[in-house]
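# Need a 3D model of the following:
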Amino acid sequence: MSKIVTARSTHHHEGELVVFHIGMQINRWWRPDLWMPAFMAMPRMLRELSMEEDSGLLGYQLLFGNGGPYVVQYWSSIEKLYAYASAPSQEHRPAWTAFNKRARKAPGAVGVWHETFLTERAESVYVGTKPMGLAKATEHVAVGKRHERAQARFADGRTAAPQVS
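Next comes the predicted model:
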C-alpha cells in the first residue's frame, strides 16, 4: 500500500513524454455480452505492457468517466505507443479486431475513444496524496522553493529538477 506524501511534490522527467487517454463508453449497460469483452481486454493489455520493460509504457491510472471506464497512460515515445498498437503478436491488435467485429453486429452499443498528447512541457503538483499520475509514472520529487508556484514549474521546461539533499 502506498504511503500518503504530505509535503508538496511534483514530477521529474527528461525526454519525450506522451500522454494517452483511452476509454470506452457503455451505451447499452443491459448488454454485458456486448461491452464486457472490450472491458476485459484492457487489463490484459496493461499487464502485458507492464511486464515488458522496454514497452514504452511508463505508468497508467484507471479512472471512471462519463459513460464508462478510461485509462490515462504515460509513454516514453509516440513510436513505442504506435508500435504496440499495431503489433499483431501482442494483445491490442486481436482485441481491436474482435471489437470491430462485434461493433458491426451491434452498432452504437459500445463506443471506444482515445486522445494522444505529445507533451513538450508538463507541470504537476501533489499535496497530501499517495504517489499518482505523472509523478508515479516518472519520478516523484519534492517541490523546491524555486518551484512553489505552478507558473515557475511550467516555465522551467519539461519538469522541475530533482532536489538534492
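# Which parts of the protein are strands?
Remark: strands assigned in the chain by DSSP state E are 9-12, 17-26, 57-65, 68-75, 110-119, 139-142.
# buried stuff in the second one?
Just to be clear, that refers to strand 17-26. Residues 17, 18, 19, 20, 22, 23, 24, 25, 26 are the ones in strand 17-26 that count as buried (16 or more other Cβ atoms under 10 Å). Every residue, glycine included, has its C-beta placed from N, CA and C.
# Contacts for that strand, please.
35, 38-39, 42, 58, 65-78, 81, 110-119, 122, 138, 158 (Cβ atoms under 8 Å, 6 or more residues apart in numbering).
# and if we set it to 7 Å?
Under the contact criterion Cβ atoms under 7 Å, 6 or more residues apart in numbering, strand 17-26 has outside partners 35, 38-39, 65, 67-75, 77-78, 81, 110-119, 122.
# Kindly give a single ChimeraX line that selects the buried subset of these.
For the buried members of these, the matching ChimeraX selection, counting by 16+ other Cβ under 10 Å, is:
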select :35,38,68,69,70,71,72,73,74,75,78,81,110,122
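# Look up the residues forming beta bridges with the closest residue to residue 65 other than its chain neighbours.
Nearest residue to residue 65, sequence neighbours excluded (Cβ to Cβ, 6 or more residues apart in numbering): residue 23, at 6.2 Å. Beta-bridge partners for residue 23, by DSSP bridges, are residue 70, residue 113.
# Only the C-alpha atoms, please, for stretch 99-112, written as PDB.
Provided in PDB are the C-alpha atoms of stretch 99-112 (Å, rounded to 0.1, in the frame of the first residue of the first chain):
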ATOM      1  CA  PHE A  99     -14.100  -5.200 -31.000                       C
ATOM      2  CA  ASN A 100     -14.700  -4.100 -34.600                       C
ATOM      3  CA  LYS A 101     -16.400  -7.400 -35.500                       C
ATOM      4  CA  ARG A 102     -18.800  -7.100 -32.500                       C
ATOM      5  CA  ALA A 103     -19.400  -3.400 -33.200                       C
ATOM      6  CA  ARG A 104     -20.600  -4.200 -36.800                       C
ATOM      7  CA  LYS A 105     -23.200  -6.600 -35.300                       C
ATOM      8  CA  ALA A 106     -24.500  -4.100 -32.700                       C
ATOM      9  CA  PRO A 107     -23.600  -0.500 -33.800                       C
ATOM     10  CA  GLY A 108     -23.600   2.000 -31.000                       C
ATOM     11  CA  ALA A 109     -23.800  -0.500 -28.100                       C
ATOM     12  CA  VAL A 110     -20.200   0.300 -27.100                       C
ATOM     13  CA  GLY A 111     -18.100   3.200 -28.000                       C
ATOM     14  CA  VAL A 112     -14.300   3.500 -27.800                       C
END
